[in-house]
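> need coordinates for the following:
(one chain, ligands or ions: 1)
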Amino acid sequence: MTRVFSGVKPTGHLTLGNYLGAMRRWAAEDQHRSDALFCVVDLHALTVDHDPARVRRLSRQAASLLLAAGLDPESCTVFVQSHVDEHARLSYVLECVATDGEMRRMIQYKEKAVRERGRGGSVRLSLLTYPVLMAADILAYGTDEVPVGEDQTQHVELARDLAVRFNQRYGHTFVVPRATGPAVAARVMNLQEPASKMGKSDDTGPGIVYLLDEPDVVRKKVGRAVTDSGRDVVYDREERAGLANLLEILAACTGGDPAELAGGYDSYGALKKDTAEAVVEVLRPVRQRHQELCADPGYVEDVLRDGAEKARAMARPTVDAAYRAIGLLPPV
Ligand code: AQP
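All right, here's what the predicted structure looks like:
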């Protein structure tokens, strides 16, 4: 059976981009057709300036939102990365096959390094090596497919390269994974800055729809989305980025095609109104289920405990095999 692995990083409140680009598909498709693991990748949240209490809070919330989005522990494994030591164990070994040049070429590293410096901070070494830890997340489980939004495909490519290189040098150890992306909304853009991705750790609150935003907040944010000074509604990602983003969000929420949907509108106002309502409807069940789960924290804890146990058992043989293959002495 196909093995699927993916995760979310608790660096902020989860967004519509996380949902449309990744989580919705995990719940609707991946968990049913594959042997899937989904993870709150909390170690990755330590790569930028962070508040420990906030990371803990966001990790719990992310786990609860994964379940609220429809992940069913009967169908897949849901767990927290730091609860499974194998990720960090394998990461070090993969650092021994990765190069610093590869790390410095990663687009997310370059963008986030600039942002961290702009905020007056320094760049943590872990931000540079983060893609290696992500490769370890993926390779530890013999993953075939990694369903991600567009921003993560470069990191999955790196995981592929490291798997191939390791296998060539030290003998076949890892399955070589591939990224899979959604047909629409692979890259949901910031409503206020349509040239930038809607990112959960950005500073532009009004441009980001969070999964737990109240319906009226969603309406306000979509209603105030930056478009352009034109009047006609056309789908053009290059020239009309703000408009294209709204059409893609609407298409992703209603199952339509962005270019075809554009033909049905003669004003920006009507498009914004329909997009806002479509988003409100898509998020309604997630918010409701999240509220129910908040009232039952013991359930979420049980899911995470069982998930970590299953994940550990799945990862250990591959990570042990990698240790042997690269030349480490087995424990006596
Ligand atoms: N704007 C987006 N459009 C489509 N997909 C997106 N994803 C994230 N943002 C968008 C996808 O969501 C999954 C989980 O993302 P992540 O938690 O690993 O973080 P990220 O990719 O670094 O994106 P964020 O949410 O913007 O976090 P920060 O601000 O911390 O960098 C991934 O599959 C991702 O592709």
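
> domain boundaries for the chain, per the record?
Following automatic domain parsing, one finds the domains of the chain at 3-181+297-326, 205-291.

> looking at the chain, which helix is longest?
The longest helix of the chain (DSSP state H) is helix 297-326.

> give me the number of residues near residue 62?
By the criterion of other Cβ atoms under 10 Å, residue 62 has 27 neighbours. All C-beta spots, glycine's among them, are computed from the backbone N, C-alpha and C.

> so it sits against residue 10, correct?
Yes: between residue 62 and residue 10 there is a contact at 4.7 Å, judged by Cβ atoms under 8 Å.

> now list whatever residues contact both of those two.
Taking Cβ atoms under 8 Å, 6 or more residues apart in numbering as the contact rule, the neighbours common to residue 62 and residue 10 are residue 40.

> now do the longest helix of the chain, average pLDDT.
Regarding helix 297-326, the rounded mean pLDDT is 97.

> over to stretch 102-113?
On average, stretch 102-113 scores 95.

> how about stretch 245-265?
95.

> swap in stretch 40-60?
97.

> cool, stretch 277-286 as well?
Per-residue scores along stretch 277-286 average to 98.

> tell me which of the domains of the chain is the most buried.
Mean neighbours per residue, mean count of other Cβ atoms under 10 Å, is largest over the domains of the chain for domain 3-181+297-326, with a mean of 19.

> do that one and the ligand meet at all?
Yes: contact of domain 3-181+297-326 with the ligand (Cβ under 6 Å from any ligand atom) involves 6, 8-9, 11-12, 15, 17-18, 21-22, 148-149, 151-152.

> assign residue 5 to helix, strand or coil.
strand (DSSP: H, G, I helix; E, B strand; the rest coil).

> who is it paired with across the strands?
residue 37 (DSSP bridges).

> surely it and residue 137 touch.
Yes: taking Cβ under 8 Å as the definition, residue 5 is a contact partner of residue 137 at 6.7 Å.

> common neighbours of these two, please.
Joint contacts of residue 5 and residue 137 (Cβ under 8 Å, 6+ apart) are residue 39.

> where's the nearest residue to residue 188 once chain neighbours are set aside, which helix or strand?
Spatially, and ignoring its direct neighbours in sequence, residue 188 is nearest to residue 17 (3.7 Å; Cβ to Cβ, 6 or more residues apart in numbering). Assigned by DSSP states H and E, residue 17 belongs to helix 16-18.

> give me the contacts around that helix.
8, 149, 185, 187-188, 197-200, 208-211, 249, 279, 283.

> now do the contacts for the closest residue to the ligand within the stretch 151-300 of the chain.
Taking Cβ to the nearest ligand atom, the ligand has its nearest neighbour within the stretch 151-300 of the chain at residue 199, 2.9 Å off. By Cβ under 8 Å, 6+ apart, the residues touching residue 199 are 12, 15, 17, 190, 208.

> which parts of the stretch 51-200 of the chain are strands?
With strands called from DSSP state E, counting those that start in this stretch, the stretch 51-200 of the chain shows them at 76-80, 145-147, 178-180.

> make JSON lines from those and add mean pLDDT and distance to residue 107 to it.
What follows is those, written out as JSON lines (pLDDT from 0 to 100; distance: least, Cβ to Cβ, whole Å):
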{"stretch": "strand 76-80", "mean pLDDT": "98", "distance to residue 107": "27"}
{"stretch": "strand 145-147", "mean pLDDT": "97", "distance to residue 107": "17"}
{"stretch": "strand 178-180", "mean pLDDT": "97", "distance to residue 107": "14"}
